[in-house]
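Visitor: here is a sequence with its predicted model. Questions after.
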Amino acid sequence: MLGRRSKPAPFYEDESVTDAQRLLVSLGQLSGDGLQNATRATLDLAAGLGIDLQSAAMLVGKAAAGSTAAFSRYGLVVKNTGDKAA
């Protein structure tokens with residue numbers, strides 16, 4: 001069930017988070033609130049799928065740039081909402 005965690009969120013070193021943010025900026029051209037939201041999504045995705053931050057940042061960064069095909073490797077389907085995202 002979304003919104004509930006059965007175990008505590010993993011702890012990530014500051015350097016790992018900073019490296020992931022650099023990748024998000026590079027791939028997704030993100031900054032400000034977009035970068036903050038993408039960083040949160042990256043942390044959640046890494047924890048949820050049990051993958052490393054760099055892999056999660058690569059997925060989120062590519063999605064921000066419009067490429068969501070790689071999510072299918074993890075059994076995820078991403079719908080294009082256009083400008084409906086808040």
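Guide: All right, it came through fine. Numbering: from 1, shown residues only.
Visitor: quick one, phi psi at the closest residue to Ser31 other than its chain neighbours?
Guide: Of all residues not flanking Ser31 in the chain, Val25 sits nearest, at 6.8 Å (Cβ to Cβ, 6 or more residues apart in numbering). Any C-beta I mention is one placed from the backbone N, CA and C, and that applies to glycine too. Per-residue torsions, Val25: phi -60, psi -40 (degrees, to the nearest 10).
Visitor: give me the number of residues near Val25?
Guide: 17 (other Cβ atoms under 10 Å).
Visitor: same deal with Val17?
Guide: Counted with other Cβ under 10 Å, residues neighbouring Val17 total 15.
Visitor: for the protein, which spans come out with low pLDDT?
Guide: Scanning the chain for pLDDT under 70 picks out 1-10, 80-86.
Visitor: for it, longest helix please?
Guide: Longest helix of the chain, by residue count under DSSP state H: helix 32-49.
Visitor: other SSEs contacting whichever helix or strand comes after that one?
Guide: Sequence-wise, the next helix or strand downstream of helix 32-49 (DSSP states H and E) is helix 53-64. Applying 3 or more Cβ pairs under 8 Å, 6 or more residues apart in numbering; DSSP states H and E, we find helix 53-64 packed against helix 14-28, helix 32-49.
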